[in-house]
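>>> How does the following fold in three dimensions:
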Amino acid sequence: MLFIVSWSISSERRNAAIERFLKTGGAPPAGVTMLGRWHAIGRMTGVGIAEANDAALMQKWALEWTDLMTMDIHPALTDEQAAPLLAAVIAK
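Numbering: from 1, shown residues only. Just a heads-up that it's a prediction; the model follows:
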């Protein structure tokens, strides 16, 4: 299953978050694959796409970071997965 992961870091937690990221690479736990990650220019925010078969692993990852940042994690669909659902709505 795909997940959209977004985060925001307050200025008070910025340096601690940078230090942890440089130490760990922001790697997710085993069982979660990071497909891509992007950082906003001039802001301490970003977004990533991750894949995992167990949502509990996404929660584990969030718990590793939410002492320093706010994370929003949402299940996601690809165009190929969403298209039949959208077509069904139009067909009604």
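>>> Would you agree Leu63 falls within a helix?
Yes. The assignment for Leu63 is a helix, going by DSSP: H, G, I helix; E, B strand; the rest coil.
>>> mind checking how far it is from Ala82?
In this structure, Leu63 and Ala82 are 29 Å apart, going by C-beta to C-beta, to the nearest Å. For every residue, glycine as well, the C-beta is placed using N, CA and C.
>>> buried residues in the helix or strand encompassing His74?
Following DSSP states H and E, the helix or strand that holds His74 is strand 70-76. Of the residues in strand 70-76, those scored as buried under the neighbour-count criterion (16 or more other C-beta atoms under 10 Å) are 71, 73.
>>> contacting residues around it?
Contact partners of strand 70-76, identified using C-beta atoms under 8 Å, 6 or more residues apart in numbering, comprise 1-9, 49, 55, 58-59, 62, 65.
>>> between the following helix or strand past it and strand 70-76, how many degrees?
On the C-terminal side of strand 70-76, the nearest following helix or strand under DSSP H and E is helix 79-91. Here the directions of helix 79-91 and strand 70-76 differ by 70 degrees (axes from the mean of the first three to the mean of the last three C-alpha atoms, to 10 degrees).
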